[in-house]
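In: curious how this folds, go ahead:
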Amino acid sequence: MCVCVCVCVCVTERPKDKRPLGRPRHRWEDNIKMDLQNVGFGGMDWVDLDQDRDRWRALVNVVMDLRVP
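Out: All right, here's what the predicted structure looks like:
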């Protein structure tokens, strides 16, 4: 009896929330990858790059300089 009720509820009820319109938003990781491609580090793995604090800080400074007009 319980299985029949669950199936009936799943088939007859409608979703309460709607999906947002438009394309999906960028994730934080997507922004990092786009910035690396703009600077010229597109082929590197950014997870390995951020382990070296000095190189990561230098890269962040370069990217921040590109964003300032």
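
In: so which helix or strand of the chain has the lowest pLDDT on average?
Out: In the chain, no helix or strand scores lower on mean pLDDT, DSSP states H and E than helix 2-12, which sits at a mean of 61.

In: quick check: the residue nearest the centre of the chain vs Asp65, distance?
Out: Note on the chain: the residue nearest the mean C-alpha position is Arg27, at 2.0 Å, using C-alpha atoms, centre = their mean. Taking C-beta to C-beta, to the nearest Å as the measure, Arg27 falls 24 Å from Asp65. From N, CA and C alone the C-beta is placed, and that goes for glycine too.

In: what's the answer for Asp50, then?
Out: Distance from Asp50 to Asp65, by C-beta to C-beta: 19 Å.

In: so where's the chain uncertain?
Out: Applying pLDDT under 70 to the chain flags residues 1-13, 66-69.

In: for it, longest helix please?
Out: helix 53-67 (DSSP state H).

In: quick one: buried residues of that one?
Out: 59, 63 (16 or more other C-beta atoms under 10 Å).

In: tell me the contacts of Val62?
Out: Taking C-beta atoms under 8 Å, 6 or more residues apart in numbering, we find Val62 in contact with Val39.

In: please shift the residue numbers so they start at 671 in all later answers.
Out: Done: numbering now begins at 671, and the last item shifts to Val732.

In: how near is it to Gly710?
Out: Relative to Gly710, and taking C-beta to C-beta, Val732 is found at 9 Å.
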